[in-house]
Every structure is written in structure tokens, then in C-alpha cells.
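Asks: based on what follows, work out the 3D shape:
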Amino acid sequence: MVLSRVKGHVVATAKLENLVGKKLLLVEIITVREQGLEPTGRHMVCIDAVGAGEGELVLVVMGSSARFAPQMADVPTDAVIVGIIDNMQAYGRDLAVR
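Replies: Numbering: from 1, shown residues only. Sure, this is the predicted structure:
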């Protein structure tokens with residue numbers, strides 16, 4: 001799983017039929033350091049399976065794991081948002097997720 005922050009929406013009017021009705025989100029991969037969460041500057045587009053919104057910290061699965069998410073078996077995707085993170089602990093302390 002990959003820790004990411006939702007940065008915005010992606011609109012694609014021309015796409016495969018299997019992608020119709022799927023919400024596409026732009027996310028930035030986040031790394032965890034002792035001083036807290038840090039953006040990496042690396043972005044990717046994911047299909048949203050949980051109703052995530054801009055600014056939220058999310059869990060992304062990639063590769064064959066992405067197709068195990070509900071209703072994703074026939075969707076040509078390599079990255080799916082499968083969770084919204086409410087809180088996190090690392091290095092013996094709570095990390096701010098907002």
C-alpha cells in the first residue's frame with residue numbers, strides 16, 4: 001500500500017467503457033519521516049473506490065491488488081484508493097493527517 005494525499009480531480013471525457021462512472025483523482029505520494037509526513041513531489045492518477053476528497057490522506061493499492069477492490073475486476077487500472085486515513089502513529093507519536 002502507498003500513503004498518498006489527494007490533490008485534485010482528473011476529468012477524462014474520452015476513455016474506455018470500463019472507466020465510465022469511475023472517479024479519477026490526482027494524488028501525491030507521501031513519505032513518513034520522524035518529523036512528520038512529507039510530500040515527495042511524485043504524483044499519480046488513481047480510481048477512487050471509497051469517496052475520498054481533496055486534501056485527504058489515503059491508502060492506495062497498486063498492481064494486481066488494485067483489481068481486487070470491489071467492482072474493479074474488469075477495470076484497466078494500476079492504482080485504486082481503498083482507504084481514507086483518520087489518524088496515524090509513527091515514531092511513538094501521533095502524526096497530523098491534515
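
Asks: contacts and neighbour counts: CA atoms only from here.
Replies: Will do.

Asks: got the contact list for the closest residue to residue 6 other than its chain neighbours?
Replies: Leaving aside its sequence neighbours, residue 6 sits nearest to residue 27 (CA to CA, 6 or more residues apart in numbering; 4.3 Å). Counting by CA atoms under 8 Å, 6 or more residues apart in numbering, residue 27 touches 4, 5, 6, 7, 8, 43, 44, 45, 46.

Asks: in CSV: those, plus distance to residue 85, pLDDT and neighbour count.
Replies: Listed next are the contacts of residue 27 as CSV, based on distance: CA to CA, whole Å; pLDDT from 0 to 100; neighbours: other CA atoms under 10 Å:
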residue, distance to residue 85, pLDDT, neighbour count
4, 10, 97, 26
5, 10, 97, 26
6, 11, 98, 22
7, 15, 98, 18
8, 17, 98, 14
43, 18, 98, 16
44, 18, 97, 13
45, 18, 97, 20
46, 16, 96, 25
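
Asks: and which of these is nearest residue 14?
Replies: residue 45 (15.6 Å; CA to CA).
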